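>>> output the structure for:
(one chain, ligands or ions: 1)
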Amino acid sequence: MVQVIKKNNQLQDVLIDKRVGFVPTMGALHEGHMSLVEESAKRGLFTVVSIFVNPTQFNNKEDFELYPTHLERDVAMLEKTGCDIIYTPQKDQIYPEDLVMEVYDHEFYPVDSVLEGKHRPGHFKGVAQVVHRLFEIVKPQYAFFGEKDYQQLAIIRLLCKKLSLPIEIIGMPTIREKNGLAMSSRNERLSEAQKEKATLLYKSLCYAAESFATKQPQEIKDSIEKHFSSDDEWELEYFEMVNPDTFETIDSNATKHARALVAATLGKVRLIDNMKVTSHEV
Ligand code: AMP
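From the prediction side, this is the model:
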């Protein structure tokens, strides 16, 4: 049976001499999270899943307050996977009063200054802070993250490089609903009709991927922006095609590597998604 641990010292005792695969989450788990847990277990790692809704990465108070939590349901889901330990710290374990932490202000330029970094000021600062802290506590050999949060994955790789952490970061593909909607804890806040409407994110990314061989990025972008603006319930924050390493906007489809990323609010729910967009298969 999977063990639920709240305290750092208790967790660290259990992890002595283990080869640890770590999956940090904010709970309200779904199949996307499970795919990360299963990958860790498949690799024969002692698998730790953390559930902590990190206040420092929310730039919007309402978004933090409305973030779904279902610990019992999460534990029941994790019982059915290869998870060994569920780590559910309270805030004092992650941010004790005497903690002195590095401040990740524009530390990962230019990656942290565009897209999510630009539209959610302070978000990546909070992400880097909590992941650094969780890595310090769990000390995993491997950590699993979803490509669903593509820019976050890049920031975490940069964080490990900066701190020379001996942790292998594994990026895993986005798990989607049958209709293409990327699974997300925030989808719980959408009505059934909105869940259907939200496929516009996926459809836009597919359109970008399909058109990239014949259309220039600006033309693709204009067409997608038009779609979003034709419906009042949508507010598009950005749709960009970028270099997947530097996150700089690309202005020509002659490039070999590109990623399209989109963020939009449907009603009151902010959604993000992304997809590989390349004209040449590599
Ligand atoms: P969160 O609980 O939203 O912080 O997500 C925890 C981890 O699960 C992050 O590494 C996310 O990128 C990953 N994740 C979230 N949604 C998905 C998905 N649909 N497919 C794959 N991974 C995901």
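>>> pull the distance from stretch 182-198 to the chain's centre.
Relative to its chain's centre, stretch 182-198 lies at 17 Å (Cα atoms, centre = their mean, to the nearest Å).
>>> what do you get for stretch 121-132?
Counting by Cα atoms, centre = their mean, stretch 121-132 comes out at 12 Å from the chain centroid.
>>> same question for stretch 84-95.
On Cα atoms, centre = their mean, the centre of stretch 84-95 falls 19 Å from the chain's centre.
>>> before we move on, what about stretch 226-234?
The answer for stretch 226-234 is 25 Å, by Cα atoms, centre = their mean.
>>> one more: stretch 185-199?
So, by Cα atoms, centre = their mean, the centroid of stretch 185-199 is 18 Å from its chain's centroid.
>>> near the ligand, which residues of the stretch 1-150 of the chain?
25, 26, 32, 33, 35, 36, 145, 146, 148, 149 (Cβ under 6 Å from any ligand atom). (C-beta placed from N, C-alpha, C; glycine too.)
>>> could you pull out the buried residues of whichever strand or helix holds residue 264?
Using DSSP states H and E, residue 264 sits within strand 259-266. Across strand 259-266, burial judged by 16 or more other Cβ atoms under 10 Å covers 259, 260, 261, 262, 263, 264, 266.
>>> tell me the mean pLDDT for the longest helix along the chain?
Selection of the longest helix in the chain by residue count, based on DSSP state H, yields helix 123-138. Mean pLDDT, computed over helix 123-138, is 97.
>>> also stretch 58-70?
Mean predicted lDDT for stretch 58-70 stands at 92.
>>> how about low-confidence regions in the stretch 151-282 of the chain?
Residues of the stretch 151-282 of the chain that meet the criterion pLDDT under 70 lie in 279-282.
>>> residues in contact with the residue in the chain sticking out farthest from the centre?
Residue farthest from the centre of the chain, counting by Cα atoms, centre = their mean, is residue 214 at 30.5 Å. By Cβ atoms under 8 Å, 6 or more residues apart in numbering, the residues touching residue 214 are residue 253.
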